[in-house]
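Chemist: Sequence plus predicted model, see below.
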Amino acid sequence: MSKKSTASASKSSSKSSQKITTSSTAEYFSKNLQQVGFSSLTKAVLTTLKEAVDNALDACEEHEVLPEITVTIEKLGAGSAKNSDQIRVKVEDNGPGIDADDVPKVFGEYLASSKFGRGRCTRGQQGIGISAATTWAQLTSGKGARVITKTPAMRKALSCTVEVDIKNNKGVQKDRETIDWDRPQGTSVEFVFDGRLQINGEAGLQNYLMGTALVNPHLKLNYKLPDSEPQVIDRVSDVVPEVPDAVEPHPHTMKLGEFMAHSHLFGRMKASAWLRKGFSRVGDSALEEIVKVHGLRKAVLEKFVDSLEDQEFKDLFQAIQKAQLKAPSTQSVLSIGEETLSKSIKRLGPVDFFSVMTRKPTICDFKPVEVEVAIARLEDKALEPDSSVQVLRFANRVPLQFDKSACAIVQAITSVNWKSYGLAQPKDGLPIGPYIIAVSVVSPFIKFKNASKETIDASDELVEEIRRTLMQAGQRLCRHIRAEDKANELEQKTRHIEQFGPILVQGLCRISQASDARRKKAEDGLLKILGRDARETEQELKTANENLSSMEEKREARLNPKEAAVDEVLVAEVVEKAEKAEKPEKKTDKKKKNKRSKSTAEVVA
């Protein structure tokens, strides 16, 4: 064998003898932080703020505490990276506090969460976000999260710095001490890291804070942004929303691998008991069906799940997929409610009209979902009248501010024909005007496109559900705009009559040298003829106002839990009748004009 071939064989042998190593979850995310919202310096600031606020709100609601959150963001100087600033983000809450032993787990350990896989409509789920914020601060400034926390049972507050042991995915406490704190309970977390501030715009901090206040009416928010005075947004509701109990997953939403992995959570348990306990809508009748109708061996159900063979798992999975199971329960979704959302939307700024619509919970892709929509028109109509409407997107009451075009919410908005509701709209685009369209999607199993939860996956069923809610809110907006148009038309016609009627009569009398008595009679006759059209417009305005009042009465009836909910089919019928009533109006306009011209000629003669 030649020296060259010997060297090659030796090199190949060396490669094959290399050991395969494993890495921890923390090590993976520390090298892939872009997957959880830290893909840019601007996103880093917003993601850090969002994760801290989400944790605070979830903790307060879990313990039925009306949340009061204080946010402080400031620029400390130049960052360690090129073209970056050193940013400090501090979030304080009045929540229940964190037990001393849990502090390093919460802020320094990935996938450590009390909410993981529970199937509840909470903001956080996996326990990744706040640990990623600690990692980002640690990588860019050399320090982790500075935490102060106190539970009601603690005599003094705990103060410490939490860092992530990246190799072992463990939180490490440093500088631990007990201190006197000016509050009976709560948590304060502070991050210093490299970032870049964006205050305004759709992806700005101001927009995030206002959006958070909108979908959390029970929140009192104090915040201080750079180069601005401290701001306070008071709560408009004193009721802490009750997060519904967790719901088990529906088997029709799972793939085979997920189905098998789900069994590992239940230990040594019979397959029949696992199916009943581990899934929703699987009962004795469903188990009987998969045996008698779909051919599953009954012995498979009697075996323990930890002893099932792969083929038996596959047979069981295929049988349960064929079974006619009930749709998942919709009692697990959390609603903001039209009444509180109506109060909260006024916190967006001065609006002269808003329409709020809450759909009944439904099932999309075998998952319970509830959609709520608010459409508000800003009072300052001269503010960029040719720009697209501002879209506020929410998933489980958390603002979504990136990757807008791929989101199910935006796809639903662009699919609606807003021209039929009185708004201008380019083809396949967002409507135009000084409006805010806010859409909230709530579900214990929202499917996001990525781990950073920036956009909702656009399934056909979900887009259609959002679209229907938007159309119902648009119908209310349409009635308001129609009433406004009739009022403007009446005002314009009245002004023309008052302005040009006397001038016309005076000119004709001067030409014909008519007497004052004849002039007075002509003025009265002309005003009577021209005023006929104004009276018709006045009647149309009255009808439009009556329709608007009727709509508001039905809305109040729906908001009142003691009264029956309004049937959405009835709403659609009313709108359809109104649209049909508009069509013959164009034909009758010509007849009216002909009558007016003949009558005017008679007066002149």
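Modeler: Yep, that arrived. Keep in mind that what you see is a predicted model, and the values were worked out from it rather than measured.

Chemist: Model confidence score at the nearest residue in space to Val247 that is not next to it in sequence, please.
Modeler: Sequence neighbours aside, Ser332 is the residue nearest to Val247 in space, at 3.8 Å (criterion: CB to CB, 6 or more residues apart in numbering). Quick note: C-beta positions are derived from backbone N, CA and C, even for glycine. If you check Ser332, the pLDDT there is 73.

Chemist: Ser332 contacts Val243, doesn't it?
Modeler: No: checked against CB atoms under 8 Å, the pair Ser332 and Val243 is beyond contact range at 9.4 Å.

Chemist: need the strands for the stretch 1-150 of the chain, in chain order.
Modeler: Per DSSP state E, counting those that start in this stretch, the stretch 1-150 of the chain carries strands over the ranges 68-78, 85-93, 145-150.

Chemist: ditto for the stretch 401-550 of the chain
Modeler: Ranges of strands in the stretch 401-550 of the chain, per DSSP E, counting those that start in this stretch, are 435-442.

Chemist: still on that earlier bit, which of Ser332 and Val243 has more residues huddled nearby?
Modeler: For Ser332 versus Val243, neighbours defined as other CB atoms under 10 Å are more numerous around Ser332 (24 against 16).

Chemist: for that one, phi and psi?
Modeler: phi -90, psi -10 (degrees, to the nearest 10).

Chemist: Give me the distance between it and Ile446.
Modeler: 12 Å (CB to CB, to the nearest Å).

Chemist: on that earlier part again, if we compare the strands of the stretch 1-150 of the chain, which one ends up closest to Thr362?
Modeler: strand 68-78 (32.0 Å; CB to CB).

Chemist: What's the mean pLDDT across that closest one?
Modeler: The pLDDT scores in strand 68-78 average 95.

Chemist: Report the buried residues of that strand.
Modeler: By 16 or more other CB atoms under 10 Å, the buried positions in strand 68-78 come out as Glu68, Ile69, Thr70, Val71, Thr72, Ile73.

Chemist: Work out the sheet partners of the helix or strand harbouring Val189 and label each with its direction, please.
Modeler: Val189 belongs to strand 186-195 when assigned by DSSP states H and E. Sheet pairing for strand 186-195, assigned by DSSP bridges, gives strand 85-93 (antiparallel), strand 145-150 (antiparallel).

Chemist: Could you identify which of these is most buried?
Modeler: Of all the strands paired with strand 186-195, strand 145-150 carries the top mean neighbour count, a mean of 24, counting by mean count of other CB atoms under 10 Å.

Chemist: what pLDDT, on average, does whatever helix or strand comes next after that strand get?
Modeler: Sequence-wise, the next helix or strand downstream of strand 145-150 (DSSP H and E) is strand 157-165. Across strand 157-165, the average pLDDT comes to 94.

Chemist: And the next helix or strand past strand 157-165?
Modeler: strand 170-179.

Chemist: Extract the CA atoms of that next one and return them as PDB.
Modeler: Provided in PDB are the C-alpha atoms of strand 170-179 (Å, rounded to 0.1, in the frame of the first residue of the first chain):
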ATOM      1  CA  LYS A 170     -29.600  25.200  34.800                       C
ATOM      2  CA  GLY A 171     -30.300  28.600  36.400                       C
ATOM      3  CA  VAL A 172     -27.500  29.900  38.600                       C
ATOM      4  CA  GLN A 173     -28.100  32.500  41.400                       C
ATOM      5  CA  LYS A 174     -25.500  35.100  42.100                       C
ATOM      6  CA  ASP A 175     -25.300  38.000  44.600                       C
ATOM      7  CA  ARG A 176     -28.200  36.500  46.600                       C
ATOM      8  CA  GLU A 177     -29.400  38.600  49.500                       C
ATOM      9  CA  THR A 178     -32.500  39.500  51.400                       C
ATOM     10  CA  ILE A 179     -33.700  43.100  51.400                       C
END
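
Chemist: now it, how far from the chain's geometric center?
Modeler: Centroid displacement of strand 170-179 relative to its chain, using CA atoms, centre = their mean, to the nearest Å, is 36 Å.

Chemist: which parts of it are buried?
Modeler: Lys170, Gly171, Gln173.

Chemist: Distance from the chain centre to stretch 197-204, please.
Modeler: Worked out by CA atoms, centre = their mean, stretch 197-204 lies 18 Å from the chain centre.

Chemist: can you list the residues that contact that stretch?
Modeler: The list of residues contacting stretch 197-204 from outside it, by CB atoms under 8 Å, 6 or more residues apart in numbering, reads 42, 45-46, 73, 75, 85, 87, 205-207, 225-226, 228, 390-391, 401-402, 404.

Chemist: Apply 7 Å and report the result again.
Modeler: For stretch 197-204, contacts defined as CB atoms under 7 Å, 6 or more residues apart in numbering pick out 42, 45-46, 75, 85, 87, 205-207, 225-226, 401-402.

Chemist: can the residues you listed go into JSON lines with extra columns for distance to Tyr421?
Modeler: Below are these laid out as JSON lines (distance: CB to CB, whole Å):
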{"residue": "Thr42", "distance to Tyr421": "35"}
{"residue": "Val45", "distance to Tyr421": "37"}
{"residue": "Leu46", "distance to Tyr421": "32"}
{"residue": "Lys75", "distance to Tyr421": "43"}
{"residue": "Asp85", "distance to Tyr421": "44"}
{"residue": "Ile87", "distance to Tyr421": "42"}
{"residue": "Leu205", "distance to Tyr421": "32"}
{"residue": "Gln206", "distance to Tyr421": "29"}
{"residue": "Asn207", "distance to Tyr421": "25"}
{"residue": "Leu225", "distance to Tyr421": "35"}
{"residue": "Pro226", "distance to Tyr421": "40"}
{"residue": "Gln401", "distance to Tyr421": "26"}
{"residue": "Phe402", "distance to Tyr421": "28"}
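
Chemist: Now a PyMOL select for only the buried ones of those residues.
Modeler: Only the buried entries of these go into this PyMOL selection, using 16+ other CB under 10 Å:
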select buried, resi 42+45+46+85+87+205+207+225+401+402
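
Chemist: Tell me the one of the contacts of stretch 197-204 nearest Val162?
Modeler: Ile87 (18.4 Å).

Chemist: Using TSV, please lay out the strands of the stretch 1-150 of the chain together with distance to Val356.
Modeler: Shown next, in TSV, are the strands of the stretch 1-150 of the chain (distance: least, CB to CB, whole Å):
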stretch	distance to Val356
strand 68-78	24
strand 85-93	28
strand 145-150	37
